[in-house]
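Asks: generate coordinates for the sequence data below:
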Amino acid sequence: MLLVRRHYPGAFFLRNMNMSDDGWEELGRDVSNNTHLRNVYLNEGALNDRKMSFFCRGLTRSNTIEDVHLYENGLSAVGVRSMVPFLQNANNLHELLLCDNNIKSEGFNAVFRALRDSPIEALNCDNCGIEAIEIDSDYSPKHLTTLRLNQNRINADGCRQISKLLQGGGAILTYLHLRNNKIDDDGVAILVDALQNNASLQILDLMSNQGIAAEGMKMCLKLVNDVSSITATLHSNHTLTCLYVEDDEIRRHINMATKIS
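Replies: This is a model prediction of the structure:
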């Protein structure tokens, strides 16, 4: 039943597959029991909430799957909640792409909590209608280095939750993408404060957040190059290598500062 591409050993792709509910459940069992699959790609209308529900009745665990791509399926929170048993028992999962669905805040929060003990390193939830984020440090993925939340509706309250991933000596998040959200200067201030003593984040993308004014962009520049004193300069953030903001001139100065660092 699995559609396996010869040029991509260990991967299978499905699109526009018409199967009964029982067929989707059987496919889930086949995937769960397969000891060679590494990559699962069910994109661009391959799934909907109903298909996902039956698929995940069969797919409850895996010791081999590393990457799961489920973009552009119109999935809601109902669809992704059915994935929770699999996410909690996928012992080799490293990347999950849920971009261009409609999981909203409820779906993101459910997925994030389910990944608590997962080895996952990259989570992509671009353009998923996410607004209110709830992050509990005790229920966060412990190995997550890449978080993509572009094109959502995250505001200062969301930044306050995300900042929890940037604080403390155990912070490991390396790439944070927040392009085209509802972040304003207050949100920037929260992120900048969390990054004062952060030694993990290398890339922060804040482009296309129309609420970030000149003051917010200056805060970003000061984060990587505080020239108020020699001591302040020495204690600037020297881990960030790329910090993207909208203003070309400020971005140029930020780039110069991060290269010197």
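
Asks: buried set for stretch 158-175?
Replies: For stretch 158-175, burial by neighbour count (16 or more other CB atoms under 10 Å) applies to 158-163, 165-166, 171, 173-175. In this view, the C-beta of every residue, glycine as well, is placed from N, C-alpha and C.

Asks: what lies in contact with it?
Replies: 130-135, 137, 140, 142-149, 154, 176, 178, 181, 183, 186-188, 190-191, 193-195, 197-203 (CB atoms under 8 Å, 6 or more residues apart in numbering).

Asks: cool, and stretch 253-261?
Replies: With CB under 8 Å, 6+ apart, stretch 253-261 has contacts from 220-221, 224-225, 236-243, 245.

Asks: just the buried residues out of those, in ChimeraX syntax.
Replies: Per 16+ other CB under 10 Å, the buried members of these correspond to this ChimeraX selection:
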select :220,221,224,225,236,237,240,243,245
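
Asks: rewinding a little: narrow the contacts of stretch 158-175 to those in strands?
Replies: Members of the contacts of stretch 158-175 lying in strands (criterion: DSSP state E): 146-148, 176, 203.

Asks: closest to Asn43 out of those residues?
Replies: For the ones in strands among the contacts of stretch 158-175, the residue nearest Asn43 by CB to CB is Arg148; the value is 15.9 Å.

Asks: quick check: that closest one vs Gly168, distance?
Replies: Counting by CB to CB, to the nearest Å, the gap from Arg148 to Gly168 is 22 Å.

Asks: go through the contacts of stretch 158-175 and flag which are in helices.
Replies: 186-188, 190-191, 193-195 (DSSP state H).

Asks: mark which of these are buried, thanks.
Replies: By 16+ other CB under 10 Å, these give 187-188, 190-191, 193-195 as buried.

Asks: what's downstream of the lowest-mean-pLDDT helix or strand in the chain, the next helix or strand?
Replies: Every helix and strand of the chain was ranked by mean pLDDT, DSSP states H and E. The lowest is strand 11-14, at a mean of 68. The helix or strand immediately downstream of strand 11-14 is helix 21-33, counting by DSSP states H and E.

Asks: within its sheet, name the partner strands of the very next helix or strand once past that following helix and how each one runs.
Replies: Using DSSP H and E, the helix or strand that follows helix 21-33 in sequence is strand 39-42. Partners of strand 39-42 in the sheet, by DSSP bridges, are strand 11-14 (parallel), strand 67-69 (parallel).

Asks: low-confidence ranges in the stretch 151-261 of the chain?
Replies: The stretch 151-261 of the chain contains residues with pLDDT under 70 at 232, 261.

Asks: can you pull out the strands in it?
Replies: In the stretch 151-261 of the chain, the segments counted as strands under DSSP state E, counting those that start in this stretch are 175-177, 203-205, 242-244.

Asks: now render those strands as a markdown table, adding distance to Leu37.
Replies: Formatted as a markdown table, the strands of the stretch 151-261 of the chain follow (distance: least, CB to CB, whole Å):
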| stretch | distance to Leu37 |
| --- | --- |
| strand 175-177 | 26 |
| strand 203-205 | 31 |
| strand 242-244 | 34 |
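
Asks: of those, which approaches Leu123 most closely?
Replies: Of all the strands of the stretch 151-261 of the chain, strand 175-177 sits nearest to Leu123, with 10.6 Å by CB to CB.
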